[in-house]
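> Structure, please.
(one chain, ligands or ions: 1)
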Amino acid sequence: MSQQHALHAFDDGQTLAKALSTSIASKLREAIDARGEALIAVSGGSTPKRLFEALSNEALDWSRVTVTLVDERWVPDTDERSNARLVASLLLQHKAADAEFVPLYVETPTPEAGIGEARARVAAMRQPFDVIVLGMGPDGHTASFFPGGDRLSEALDASNTALVLPMRAPGAGEPRITFTLPVLLKARSLYLHVQGDDKRDVLAQAEKPGSALPVAHVLQADRPLDIYWCP
Ligand SMILES: O=C1O[C@H](COP(=O)(O)O)[C@@H](O)[C@H](O)[C@H]1O
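Residues are numbered from 1 along each chain as shown. Below is the predicted model:
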């Protein structure tokens, strides 16, 4: 493991969620104190559910917080697969009800058609993000950097100035939109939230030099990364 990485291992998802939400909340408070506002981009999928519930109960000035997603499935927020729907139902409630949410999904038939609007929305947010929370799929994808993705090399290109890209991949289900790697790596605080023994094995594979797994580009990046893991 890189010397800039810290692995925080917990016995269960509830304990992890509380510890991670405490850490994220302190970064958001620091950002509000320093700059008057805080920006956080979170992941979707199944892993962050308990985290979102815990974070929604953190005491801070949520009216100064903007929340967005690192990636989105190209479905409306009425669809069960929508990451925005997950955020709306589990994070933007309780104390966090006053946060502003910026969706990546645009009501166009394809991400390619909506990418201009999505880019404008992300560009309107002050960069770098204060906090980015990544997840990881069992295939080693993070954000929507899927193995075999049609724009994977573009998304992973360190010199790419695009903030978001469309992405299609065999394992992705629906078309996607995703932040690019440079946006992720510029975050003031970067977390990787992973649950399961199977995924710990994937992490170990991704740590190996020359790994082709997309998440390796985050794990092997020369910057601090906090990995939160539980079985
Ligand atoms: O499709 C996605 O999958 C990953 C991992 O999800 P999980 O269900 O295995 O936790 C997630 O990080 C990403 O945001 C999401 O769009």
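> per-residue confidence at residue 171?
For residue 171, the pLDDT comes out at 95.
> what about it, distance to the ligand?
9 Å (CB to the nearest ligand atom, to the nearest Å). Every C-beta, even on glycine, is put in place using the N, C-alpha and C of the backbone.
> pretty sure residue 25 is in a strand, no?
No - Residue 25 is assigned helix when assessed by DSSP: H, G, I helix; E, B strand; the rest coil, not a strand.
> mind checking how far it is from the ligand?
Counting by CB to the nearest ligand atom, the gap between residue 25 and the ligand amounts to 20 Å.
> Quick check: that residue touching residue 62?
No - contact criterion CB atoms under 8 Å: residue 25 and residue 62 do not qualify, at 10.0 Å.
> Let me know the secondary structure of the residue nearest to residue 141 when sequence neighbours are not counted.
Sequence neighbours aside, residue 214 is the residue nearest to residue 141 in space, at 5.3 Å (criterion: CB to CB, 6 or more residues apart in numbering). Using three-state DSSP, the structure places residue 214 in coil.
> just residue 226 next, same as before
strand.
> isn't it right next to residue 4, touching?
No - in this structure, residue 226 is not within contact of residue 4 by CB under 8 Å, at 10.0 Å.
> what touches both of the two?
With CB atoms under 8 Å, 6 or more residues apart in numbering applied, the contact sets of residue 226 and residue 4 do not overlap.
> Look at these two and report which has more neighbours.
The residue with more neighbours, out of residue 226 and residue 4, is residue 226; 18 against 11, by other CB atoms under 10 Å.
> in the sheet, who's paired with that one?
Using DSSP bridges, the bridge partners assigned to residue 226 are residue 6, residue 191.
> if I pick it, what's in contact with it?
5, 6, 8, 23, 189, 190, 191, 192.
> Now do it against the ligand, distance only.
In terms of CB to the nearest ligand atom, residue 226 sits 16 Å off from the ligand.
> so what's that residue scoring on pLDDT?
For residue 226, pLDDT reads 98.
> Would you mind listing where the protein has pLDDT under the threshold?
1-2 (pLDDT under 70).
> Quick check: residues of it near the ligand?
When proximity is defined by CB under 6 Å from any ligand atom, the chain lies next to the ligand at 43, 44, 45, 46, 47, 71, 83, 135, 136, 137, 144.
> Most neighbours among those residues, which one?
residue 144 leads the residues of the chain next to the ligand on contacts (other CB under 10 Å) with 33 neighbours.
> thought that residue was touching residue 180?
No - under the criterion of CB under 8 Å, residue 144 is not in contact with residue 180, lying 10.4 Å apart.
> would you list every one of the helices in this protein?
Taking DSSP state H as the test, the helices found in the chain are 13-35, 49-55, 83-90, 111-123, 152-156, 181-185, 197-207, 216-219.
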